[in-house]
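> Mind looking at a prediction? Sequence and model below.
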Amino acid sequence: MTDELTVEATGETVGEAKWAALRELERLNPGLDKSAVRFQVVSEGERGLLGVGYTPARVVASVEADGGAPLEEETEPPSDESELAALVRELVTRITSGIGIQCRVDVHERQDAVVATCSGRDLGLLIGRHGQTIDAVQYLVNAILARRLPGTPAIVDAAGYRARREASLSAMARRAAEEALSRDDRVSLEPMTAVERKIIHLELKDMDGVETTSEGTEPNRFVVVFPAP
């Protein structure tokens, strides 16, 4: 029985997204038969108003992996890995395995977050429809971190999903600001991680007429957008 390798990729155009997906497939499975790759265009992308900003094109590429080099081999954690990074690696590995998804987990620490990047065959399943599955995994990881090692949030990523999420959050922030101004009232957004809330705050920081604040308690803290006094 052959395995199916699936990746998601983005680009300014559908063509660029397909090219990025092919490069990722070749990285995961050297010797890839490009003619056998199947593409599904999820979004053709959209330019922002007056050419400012854009929503990236997004494609899913699939191919049967029936030979060649192993797709993803497990790697030993670095010997100098911090307690926080090790815990995030363990949590993501256990959670993904528990829902039937086999993937490699690479962890690196940033100043504002610990990022766990998943790679492997089942990334489409891991991300889920509209990112619901990977967001649920990230939510669970952060809920556990908040109890055991509070302070630094975790970001769980796969196939560039978080870059797409950032573009989506920026668009969401703009829509919320427009709604707040038109209604002259507060607009509350969905619960987000500290990293995602920061994207909203920065997006609207220099926008005239609106201000933002964070309310609630972790892991259910959310951003409120409201007209400036």
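Perfect, I can see it now.

> For the rest of this, base every contact and every neighbour count on C-alpha atoms.
Noted.

> Might you report the residue contacts of the residue nearest to residue 11 when sequence neighbours are not counted?
Leaving out its chain neighbours, the residue that sits closest to residue 11 by Cα to Cα, 6 or more residues apart in numbering is residue 17, at 4.2 Å. Shown in contact with residue 17 (Cα atoms under 8 Å, 6 or more residues apart in numbering): 9-11, 57-59.

> Also residue 63?
4-6, 36-38 are the contacts of residue 63 under Cα under 8 Å, 6+ apart.

> next one: residue 137
92, 95-96, 156.

> Now the buried members of these.
Buried members of those, scored by 16 or more other Cα atoms under 10 Å, are 92, 96, 156.

> Show me the two of the contacts of residue 63 that sit farthest apart.
For the contacts of residue 63, the farthest-apart pair by Cα to Cα is 6 and 36; their separation is 12.4 Å.

> Neighbour count: these two, which is higher?
residue 6 (24 against 10; other Cα atoms under 10 Å).

> tell me the secondary structure for the residue nearest to residue 11?
When classified by DSSP: H, G, I helix; E, B strand; the rest coil, residue 17 comes out as helix.

> related to what we said a few turns ago, narrow the buried ones among the contacts of residue 137 to those in helices?
Of the buried ones among the contacts of residue 137, the ones assigned to helices by DSSP state H are 92, 96.

> Hmm, which of the buried ones among the contacts of residue 137 is lowest in pLDDT?
Looking at the buried ones among the contacts of residue 137 by pLDDT, the weakest one is residue 96, with 91.

> Many thanks, have a good one.
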